[in-house]
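Novice: could you look at this predicted model? Sequence included:
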Amino acid sequence: MPGYSSPPDPVAYKNKVWEIVRLIPAGQVATYGQIAALVPAPPGMPARDYQAFGARWVGGAMAACPPGVPWQRVINSQGKISLPEGKGYEEQRRLLEEEGIIFDDRGRIDLTRYRWSGPGNPPEA
DNA sequence: TCCTTGACTCAGA
DNA sequence: CTCTGAGCCAAGG
């Protein structure tokens, strides 16, 4: 799949993304934008644009998500699963529900309640 | 060669 | 909260 304006180093970028995704604790979720915000932006790119496009890069990275990465905990900023039905949606939703995440009537997740605080502000510590 | 299609987000109404 | 439009790049038909 195309990597919408691939980052300077696609491979390194993906690894960085997966590294962060792996930090997401079970029962919590993070948005593409949130992940992108945790990955260093390439030089010369406005922070705002990076947040918008970085999210797509994250999506591209997730498309090639290797085993061991909780890809199901990554959703869009709307608190919804980005995958269309029949292409992983059901699987992702099932995995999240098994972690205790509750879905809205419209299949939405309450981000104010399940959103990951980030690697620098773990719920435990 | 042109046109469509992507695991997206933000701002405005 | 929901809906619309714009932003950028590469591969496939």
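Specialist: Thanks, I have it. Numbering: from 1, shown residues only, chains lettered A, B, ... in the order given.

Novice: any idea how far residue A:94 is from DNA strand C?
Specialist: For residue A:94, the distance to DNA strand C (Cβ to the nearest atom of the strand, to the nearest Å) stands at 22 Å. No exception for glycine: its C-beta is placed from N, CA and C like everyone else's.

Novice: pass me the low-pLDDT residue ranges in chain A, would you?
Specialist: Along chain A, segments meeting pLDDT under 70 span A:1-2, A:121-125.

Novice: and it, which residues reach DNA strand C?
Specialist: A:2-6, A:49, A:52-53, A:56, A:78-79, A:106, A:108 (Cβ under 7 Å from any atom of the strand).

Novice: contacting residues for residue A:10?
Specialist: For residue A:10, the contact set (Cβ atoms under 8 Å, 6 or more residues apart in numbering) comprises A:3, A:60.

Novice: 10 Å instead?
Specialist: Residues counted as contacts of residue A:10 (Cβ atoms under 10 Å, 6 or more residues apart in numbering) are A:3, A:57, A:60, A:61, A:64.

Novice: now it, what are its backbone angles?
Specialist: Note on residue A:10: backbone dihedrals following degrees, to the nearest 10 are phi -50, psi -50.
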